[in-house]
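Q: just the structure for this:
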Amino acid sequence: MPIKSAKAKGTRNEHLAVKALQDCGFDAERVFGSGAFEQQLGPNFKGDICLTTAADSFAGEVKVRARGFSTLYNWLEDGRKDFLMVRADRKEWLMVLPMDTVMRLLHADNVDPQNDES
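A: Numbers count the residues shown, from 1 in each chain. Alright, predicted model coming up:
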């Protein structure tokens, strides 16, 4: 894939990721330059996207691959599991959740991601 096309794909998917987070009720935005200007502009410009709550902000990276995550999807798509916990030896756990599971978790106890008093 040519570089220009790859950049366009990355930018497009960063916008889609932000929209998905916003649809869940999060305050999310794409980071200018996708983290390329962190050194010059400071820590608020790291990562591809930023998710902000009343208590904290989180830098996120967006990755999209044609078939790069097929094993993760296969583990989740049998319909019997809601999330996936993965880790490499001696590394911390990572949790993989489909967006509909995120929504169910957020609304399970009427949790509002924008209001930490819930």
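Q: report the distance from stretch 64-72 to the chain centre.
A: With Cα atoms, centre = their mean, to the nearest Å as the basis, stretch 64-72 stands 15 Å off its chain's centre.
Q: return the set of buried residues in that stretch.
A: By 16 or more other Cβ atoms under 10 Å, stretch 64-72 has no buried positions at all. Just so you know, the C-beta spots here come from the backbone N, C-alpha and C atoms, and that holds for glycine as well.
Q: list of residues touching stretch 80-94?
A: 72, 75-76, 95-98, 101, 104 (Cβ atoms under 8 Å, 6 or more residues apart in numbering).
Q: could you rerun that using 10 Å?
A: Contact with stretch 80-94 is made by 71-73, 75-76, 95-98, 100-102, 104-105, as judged by Cβ atoms under 10 Å, 6 or more residues apart in numbering.
Q: what are the buried residues along that stretch?
A: Neighbour count says stretch 80-94 has residue 84 buried, by 16+ other Cβ under 10 Å.
Q: starting at the chain centroid, how far to that stretch?
A: Relative to the mean C-alpha coordinate of its chain, stretch 80-94 is positioned 16 Å out (Cα atoms, centre = their mean).
Q: I am finished for the moment; much appreciated.
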